[in-house]
Structures are given as C-alpha cells and as structure tokens.
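Q: this one's structure only:
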C-alpha cells in the first residue's frame, strides 16, 4: 500500500511491462484451467465406468462376497451409508448447534469462547483416520457393547462433523440482528425462549446448509469407518451390528483387483458422488432461501 | 415474529408465570450450553491422553527416538521404526504442496482479480466440486487411471534426469509421486477457497491506488494485493499441508505400501496414515504392533495439530473467520 504510494513514478507502460502483464494473466488462466483437468477426467471416468455398472440388480441386491460368479450389488452399502450418516447427524448436529449457540449468545468474545473457537478450528484439521483410531481404542477394543458396530462408526463420523456444524452455525447465528433479540427481551421473553423462538428460526436456513455440508463430507469418509464399523456384506437395521457402507465397499473392491469387483467399485463411486452432489445442491438451495444478508 | 405475537396474547398473569419459569430456566440453559462447549475441550484433551496411553507400549518397546527415527518397520520381526512411514508422509505432502499450492493460488487470483465477473461464480463452483469427491474415489481413479497413464511419462522423466538425486531406475505404477499428485488435487479446493477469502479482504483502495498510478493488473496484484494477503495465503497453504499429512485412503491405494525408504521419487512407499489403515486388522492380536500403529496415529495427530495451530493463527489474523457464509475449507 504505502509502497505503491511512495513509488509515485511508475515508469510508462513499456513493452516489457505489457508483455509481463499478459504473460502473468495468461499463466493464471492456464493454471486455473489446469486445476479443472482432474475434475473433468474424474467425472468423465466415473460416468463412463460407473454407468456401465448400473442396473436394477445393482441397486437391489447385496454383495454376495463370493470369490467367483455374481459379485452382487450395493444395496446394503447404500442403506448402510444412509443409516450411519443419519445416526452421526443425530449426535453431531444438536451438540454442534448447542456449542454454536453458547459461543454466540453467551460466550461472545470472551477468553474461554475464543479458546473453544480455536480448538474447534484445530479439530477440523485432525485427520479422519485419527478419529477412527480414537473410536477404535475407546469403543471397539474395550468392547463396549460388542466390537465393531454401526453406531461406533457414527460416533467417529460425528467427531468429524462437529467442528463443521459448529463453525457454520456460529457464523449464521451471529448474523441474526441484535434488534430482534432485544425486541423479544423487551417483551419479557426469557433468554432461552428468545433463542428458541427468534434466533434459531431466523438462522435456520444457514444452520441447515452447514449441517448438510457436514453430512456430505461425512458420507464420503472411509478411514473412520474402517476401524469402527468394519466391512460386511449383508444388511440389517440394527446399529449395534457391523454395517456395510459405500466407501468401505469401494475400498474393499479396489483391494481385490478383479475386473468385475472394480466395475462394482466404479458403480458404487458414482452412486456415492451423486449422493454427495445432491446433498451439496440442496444445501446451496437452502442457503439461497436465507433472508440474512451477510 | 410469531413469538412476540404469542407472548402478547397471553394474560398478564400467565406472562408473569412464564417469566418466572423463564428466569429459573435461563441459568440452566446457559450452563448447559457452556457445558457443551467445555465438552469439546475435554474431548480433545481426552483424545490426546488416550492416544498417548495406548501408544506408550510402542515407545517403551523401541524407545521414543528409536521409534520415530528407526529405519526398519517389520512387524513380523517385532521391529517398529517409523522413519519409512514418516518419510513417505513428508515426501508425498511436499510434492502435494509444490504442485497444489501454486495452482491453487493462481486459481484464487484468477477468480478474484482477473476473471470476467460472469465467469467467477461458475469457476468457484467448479473448483469446489473437487472437494466433493470422496477420498476413496480419488484413490480408485488414481490407481486405475492416473497411475497407469502417467507411468510412461514418469519413466521417460526418470531416465532423462537419472543424474539427479531421487531419480532413475524402474518406475513402479504406485509411487510417492502419484500419491503426491493425487494429494495436490485434493488440497487444491481448500487452499484455493481460503486464499480467495483472504484476497477478498484486501481493500479495494489498495488495488485502485496502484492502478491509478498506472500499474498494470499484474503489477497491482504484485505490489498491493499479494503483500497484504501473504500471511493469509501462507495460512491457507499450511491448512492444505495439514490435509495432505493426514489423508489416508487415497494415499493407501496409490502409494504401493512398501515399508522401505524409497530410493527414488518414483518408488513404492508407505505413509503414517496408510500403515494404520492397512495393518490395524492384523495388529489386533499383537499388542506391540497395535501400540505402534496408535503411536503412528499419535505422531500424525501431533504433526497436524501443530501445522493447523500455526495455520489458523495466520488465517484468523486475516479475519477470514469473521466473514459471512460457511467458513472456507470446511464445506465439502
């Protein structure tokens, strides 16, 4: 800033400066396009290989686990992913929202609140494999209600979702105008009622968006599930049993390196990516609905 | 404001009752929510302590330094030196940063500073789509498409530059470089998103001052935009580093999983995260092996914690957290 002011005598636009300018702008454009190359390639191969795996049977049968013959479909993987993610949301969203409410309504800019904020940010950076390992140590090895179980996978995923839910909820909650809170308080409403009836409804679209993005992130995670749910072919609704999931199904099929299993992996990958994209899309649509101006 | 409506329609007596009930509930709600916030801190502390306790036998078995710097990871012989794993983690992350960060910053600069206004939104969405692809799908694509397709090019490169260190010899299909390349693609959206947020905090006056003095667009970026945004961009890159260090499944699939220190950048290797994912099943029956894997996880945890703590310091100073919307790098 001061640099540009004190250097008042920028030389006239010589040919060299013009060429440098064009070159750098061209470079930025070229690198941007380069960044999109992997995206195009991945989507192309997902569609090409994945669609060829799709059939009615693919979605309506469970993996057979047989070494030869029909490998089966991915029904149990789809249902398992949905169930695990739903349970994880039931853990992560209420806690995350609660922490966000405390940060915005009570903690504000206090020292403790900032400490909590900082650690939540740091928590976003903890590798998902470490969360998986943690759940493995605390819940699986110690044999809390059996060994591997769907709900334990949900705990691992909820640890991953928690910081995302909290920080995104905090941002929208802090956008709720103070005049709304003050108006409700002036009418004699107690604090908790103001939160429940004024603050949360006003910020709801933003909270939903953040939560959906967290769900989308959790749905694609493999590493935490590896240690907590373990792979299984069949399907049952019981969250205290092992459960299949799309990421584990893909990881397992890749490891087998048999063509028909790899084909199933592509199909499962396409299904997973479509599920995540739909969630992301819904999140963005909900965000548009928000009346809170940033 | 339906809430105020319901309050005013109640009788004064009901209102008073409601208020006294509210008064008693208020502290409970406040302390309950504060308890949740404290729970997060307790959780992280518990997390660390439990990992440390469970990893302790490994440090006892090998000695702390011997564990971190021991060059032999042979579980069947009870040897647990994590150096080959550490080496793989660092090499792949370095490759990821070298390739990913310049591209990410260029993307962010192009979108915020140079692109036509109409192209900005679509470009942003496209770059963020990269974050929506799950790790295991990157691995799948990496091992069945990218690695085999790039192998000839890598072999040519390796032969041509065989006089350089870490070069030469036969290029294996899964290798450090491919893992680093996949990581570069994976960290690109997060580094780009946060850099974009940081660039958006540069006051317009600064750009305009430079342009008014006759600077070209690139000169304005170099003189007034980049110096202002540098700490934030450094933070963004470090957050990318944190991601790369801890990324597990994609790396497990494309790194080859050979527990040696690779002779070249195109050798098969291993990483801290990959060894945990691969070996924990067989480690269940061997307490020392299991403790060693947990120790590998602890190393990873401490590493990423330090990297992220520094990164957040820089990024928060750029006041990115104060801006509206879902915080960058957390979405997707």
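A: Great, that's in hand. Everything numeric here is computed off the predicted structure, so don't read it as measured data. Residues are numbered from 1 along each chain as shown, chains lettered A, B, ... in the order given.
Q: does stretch A:82-90 reach chain B?
A: No: judged by C-beta under 8 Å from any C-beta of the partner chain, stretch A:82-90 stays clear of chain B, getting no closer than 12.5 Å. Bear in mind the C-beta positions are built from the backbone N, C-alpha and C, glycine included.
Q: which residues sit against that stretch?
A: Applying C-beta atoms under 8 Å, 6 or more residues apart in numbering or on different chains, the external contacts of stretch A:82-90 come out as A:150-151, A:153-155, A:157-158, A:161, A:211, A:214-215, A:218-219, A:225, A:229, A:237, A:239, A:243, A:245.
Q: any idea how far it is from the chain center?
A: Relative to the centre of its chain, stretch A:82-90 is centred 12 Å away, using C-alpha atoms, centre = their mean, to the nearest Å.
Q: count of residues packed around residue A:257?
A: For residue A:257, the tally of surrounding residues (other C-beta atoms under 10 Å in any protein chain shown) stands at 10.
Q: swap in residue A:166?
A: Per other C-beta under 10 Å, the neighbour tally for residue A:166 reads 33.
Q: pretty sure it contacts residue A:104?
A: No: look at residue A:166 against residue A:104 with C-beta atoms under 8 Å: they stay out of range, at 10.6 Å.
Q: so the closest residue to residue B:303 other than its chain neighbours is in which element?
A: Excluding the flanking residues, the one nearest residue B:303 by C-beta to C-beta, 6 or more residues apart in numbering or on different chains is residue B:245, at 5.6 Å. Residue B:245 belongs to helix B:226-246 when assigned by DSSP states H and E.
Q: buried residues, that helix. List them.
A: For helix B:226-246, burial by neighbour count (16 or more other C-beta atoms under 10 Å in any protein chain shown) applies to B:228-229, B:232-246.
Q: do stretch A:48-62 as well
A: Result for stretch A:48-62 [16+ other C-beta under 10 Å]: buried residues A:49, A:50, A:53, A:58, A:61, A:62.
Q: same question for stretch A:82-97.
A: A:83, A:84, A:85, A:87, A:88, A:89, A:91, A:92, A:93, A:95, A:96, A:97.
Q: that one: how far from the chain's middle?
A: Mean-position distance between stretch A:82-97 and its chain equals 12 Å (C-alpha atoms, centre = their mean).
Q: equivalent analysis for stretch A:283-292, please.
A: That offset, for stretch A:283-292, works out to 18 Å (C-alpha atoms, centre = their mean).
Q: mean confidence (pLDDT) on stretch B:178-192, please.
A: On average, the pLDDT along stretch B:178-192 is 93.
Q: what's the closest non-adjacent residue to residue B:296?
A: Using C-beta to C-beta, 6+ apart, the nearest residue to residue B:296 is residue B:272, at 4.8 Å.
Q: how deep is the one you found tucked in, by neighbour count?
A: 29.
Q: what segments of chain B are strands?
A: B:73-74, B:79-80 (DSSP state E).
Q: show me what contacts residue 77?
A: The chain I'm using is chain A. Counting by C-beta under 8 Å, 6+ apart, residue A:77 has contacts A:63, A:244, A:245, A:246, A:248, A:249, A:268.
Q: in the stretch 151-294 of chain A, what residue is nearest chain B?
A: Nearest residue of the stretch 151-294 of chain A to chain B, counting by C-beta to the nearest C-beta: residue A:190, 2.4 Å away.
Q: what are the boundaries of the helices in the stretch 101-250 of chain A?
A: A:111-124, A:128-135, A:150-173, A:178-186, A:191-194, A:200-219, A:223-228, A:246-256 (DSSP state H, counting those that start in this stretch).
Q: now the second one against helix A:111-124, angle please.
A: With axes from the mean of the first three to the mean of the last three C-alpha atoms, to 10 degrees defining the directions, helix A:128-135 sits at 110 degrees from helix A:111-124.
Q: so what's the residue count around residue 103?
A: As the question left the chain open, I've gone with chain A. 27.
Q: please go with chain B instead
A: Neighbours of residue B:103 (other C-beta under 10 Å): 20.
Q: which pLDDT value goes with it?
A: Confidence at residue B:103, expressed as pLDDT, is 96.
Q: so what's it up against?
A: Listed by C-beta under 8 Å, 6+ apart, the contact set of residue B:103 reads A:31, A:34, A:35, B:184, B:188.
Q: of those, closest to residue B:217?
A: Closest to residue B:217 out of these is residue A:31 (15.9 Å), distances taken as C-beta to C-beta.
Q: could you say which helix or strand contains the closest one?
A: helix A:15-53.
Q: which non-adjacent residue is nearest residue A:208?
A: The shortest distance from residue A:208 to any non-neighbouring residue, by C-beta to C-beta, 6+ apart, is to residue A:286 (4.9 Å).
Q: could you look up the SS state of the one you found?
A: helix (DSSP: H, G, I helix; E, B strand; the rest coil).
Q: thought it was touching residue A:209?
A: Yes: using C-beta under 8 Å, residue A:286 is in contact with residue A:209, at 5.0 Å.
Q: more crowded one of those two?
A: The neighbour comparison of residue A:286 against residue A:209 (other C-beta under 10 Å) goes to residue A:209, with 26 against 18.
Q: taking the centroid of the chain, which residue is nearest it?
A: Because you didn't say which chain, this covers chain A. residue A:217 (1.7 Å; C-alpha atoms, centre = their mean).
Q: please refer instead to chain B.
A: Geometric middle of chain B (C-alpha atoms, centre = their mean) lands on residue B:243, at 1.5 Å.
Q: distance check, the nearest residue to that residue once chain neighbours are set aside against chain A.
A: Spatially, and ignoring its direct neighbours in sequence, residue B:243 is nearest to residue B:187 (5.0 Å; C-beta to C-beta, 6+ apart). Distance of residue B:187 to chain A, computed by C-beta to the nearest C-beta, to the nearest Å: 11 Å.
Q: list the contacts of the closest residue to residue B:130 other than its chain neighbours.
A: Nearest non-adjacent residue to residue B:130, counting by C-beta to C-beta, 6+ apart: residue B:189, 4.4 Å away. When contacts are counted by C-beta under 8 Å, 6+ apart, residue B:189 touches B:104, B:127, B:128, B:129, B:130, B:131, B:332.
Q: could you report the pLDDT at whichever residue of the stretch 201-332 of chain B sits closest to chain A?
A: Nearest to chain A in the stretch 201-332 of chain B, going by C-beta to the nearest C-beta, is residue B:246, at a distance of 2.4 Å. On pLDDT, residue B:246 comes in at 88.
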